[in-house]
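*Asks:* Okay, sequence plus prediction incoming.
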Amino acid sequence: MRPAIVLVVGVLSLVGVPPRAGADGAADQARAVATRGTEAAASGDLRGAITLFKQARALDDRAEYLCNVGYAYQLLGELPRAHLFLSECLVRAAAMEATVADSFRGRLGDVEAALRAGGFAPVDVTVVPRGAEVGASVFDDDETAPGPRILWLPPGRHTLTAAATGHQRRAVEIDVAGTERHAVSIELAPAIVEVPPRRNRTPALVALAGGGVAVAAGGVFHALALGTRDDIAQNFPTEGSAREAREATWKRQVTGMTIGYGVGAVALGVGAYLWWKSGRGPRPLRAPAGGDGPGAATLGWRF
């Protein structure tokens, strides 16, 4: 293992990430984590190095970290994982120096030759929408790559997964036998957006209607009170029992006016609050589920 570790250190140093002008804190933190990954590889802890390079990539998604993970898996003999990371690394190889990119192209070629010789089968996975993250049960949950994607799998039954933002995650079972090229197409259905059901607005409508009636009643009493007041002033200028009777009527009308306006104002305020609280929301979106229509997976063979 020692010669392999020396080789890892050489390559990891070769693809070390140089500082960028105006690099933010996340990029600096990623470089520090990647340095620890190089040290772990130098000490023979390749799995620890892989974990650290994955952490660095989570902080700053650079092609160099993908390459380092893939090469470490190659040295561990985990060829399907090595191919997953090295192939994605080389998709972005233009960001690296030409000599470094060429070095990893050679390593990817070595991995593919070893996979063919080792009885693995290439599985050509296409996805809708394009760019959905593709993975397999032989990989860890954080080991995915954008589709379409070639995954190399050993003989046996495997679960392929595809996931994309705004879509339902999908898993597909596939049986791999022999080394023939398999073809799998996975179409993801739109995600179901859970929206709370619209609240009942009947209480708000009742309160608003009641408030309107009360205000209208207050207006009627207001008009009557004004008429009674004018009648008293014109027809009952002196004190007497007749004037007192009209004044009692006027007071009842004023009381009715006050109650009507007061109750109406409160009811209208409550109704407006209930209407606002019930708030109209978008209708829940529905997406088809299961294997029919959108979200279906198609299995096939190519030679």
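*Replies:* Ah, there it is.
*Asks:* Can you point out the buried residues in the helix or strand encompassing residue 277?
*Replies:* With elements taken from DSSP states H and E, the one containing residue 277 is helix 241-278. The neighbour-count check on helix 241-278 (16 or more other C-beta atoms under 10 Å) flags 246, 250, 253-254, 256-257, 260-261, 263-264, 267-268, 270-271, 274-275, 278 as buried. For every residue, glycine as well, the C-beta is placed using N, CA and C.
*Asks:* Ok, stretch 167-180 next?
*Replies:* Within stretch 167-180, the residues that count as buried by 16+ other C-beta under 10 Å are 167, 168, 170, 172, 174, 176.
*Asks:* Identify those among those residues that sit within strands.
*Replies:* Using DSSP state E, the members of the buried residues of stretch 167-180 that fall within strands are 170, 172, 174, 176.
*Asks:* would CSV of those with pLDDT and distance to residue 103 be doable?
*Replies:* Rendered in CSV, the data for those read as follows (pLDDT from 0 to 100; distance: C-beta to C-beta, whole Å):
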residue, pLDDT, distance to residue 103
170, 96, 36
172, 96, 35
174, 95, 33
176, 94, 31
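*Asks:* and which of those is nearest to residue 228?
*Replies:* For these, the closest approach to residue 228 (C-beta to C-beta) belongs to residue 170, at 78.1 Å.
*Asks:* those helices in this structure, which residues are they?
*Replies:* Under the criterion DSSP state H, the chain carries helices at the ranges 2-14, 25-42, 46-59, 63-76, 79-91, 98-117, 202-235, 241-278.
*Asks:* Is it possible to get those helices out as a markdown table so that each row also shows mean pLDDT?
*Replies:* Conversion of the helices of the chain to a markdown table gives the following (pLDDT from 0 to 100):
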| stretch | mean pLDDT |
| --- | --- |
| helix 2-14 | 38 |
| helix 25-42 | 93 |
| helix 46-59 | 96 |
| helix 63-76 | 94 |
| helix 79-91 | 95 |
| helix 98-117 | 92 |
| helix 202-235 | 89 |
| helix 241-278 | 89 |
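*Asks:* Can you tell me which of those is packed in deepest?
*Replies:* Of the helices of the chain, the one with the most neighbours on average (mean count of other C-beta atoms under 10 Å) is helix 63-76, at a mean of 25.
*Asks:* And that one, what does it pack against?
*Replies:* Taking 3 or more C-beta pairs under 8 Å, 6 or more residues apart in numbering; DSSP states H and E as the contact definition, the neighbouring helices and strands of helix 63-76 are helix 2-14, helix 25-42, helix 46-59, helix 79-91, helix 98-117.
*Asks:* Can you say which of those is nearest to residue 147?
*Replies:* Across the helices and strands packed on helix 63-76, residue 147 has its closest neighbour in helix 79-91 (11.0 Å, C-beta to C-beta).
*Asks:* what does the closest one contact?
*Replies:* Contact partners of helix 79-91, identified using C-beta atoms under 8 Å, 6 or more residues apart in numbering, comprise 63, 66-67, 69-71, 73-74, 76, 101, 104-105, 107-108, 111-112, 114-115, 118, 120, 136, 138-139, 143, 145-146, 149-154.
*Asks:* ok, 6 Å please
*Replies:* Residues from elsewhere that reach helix 79-91 (C-beta atoms under 6 Å, 6 or more residues apart in numbering): 63, 66-67, 69-70, 73-74, 105, 108, 111, 114-115, 138, 145, 152.
*Asks:* what's the span of stretch 184-193, first residue to last?
*Replies:* 28 Å (C-alpha to C-alpha, to the nearest Å).
*Asks:* in it, what counts as buried?
*Replies:* Taking 16+ other C-beta under 10 Å as the basis for neighbour counts, the residues of stretch 184-193 that come out buried are 184, 185, 186, 187, 188, 189, 190.
*Asks:* what's the average pLDDT for that stretch?
*Replies:* In this model, stretch 184-193 has a mean pLDDT of 91.
*Asks:* and the protein, what are its domains?
*Replies:* Segmentation of the chain into domains, based on automatic domain parsing, reads 1-117, 119-195+283-303, 202-278.
*Asks:* wait, which of the ones in strands among the buried residues of stretch 167-180 is closest to residue 214?
*Replies:* For residue 214, the closest of these turns out to be residue 170, at 57.9 Å, with distances computed as C-beta to C-beta.
*Asks:* about what we covered before: just curious, which of the ones in strands among the buried residues of stretch 167-180 is nearest to residue 238?
*Replies:* Using C-beta to C-beta as the measure, the one of these that approaches residue 238 most closely is residue 170, at 94.4 Å.
*Asks:* what's the closest one in contact with, if anything?
*Replies:* 162, 186, 188.
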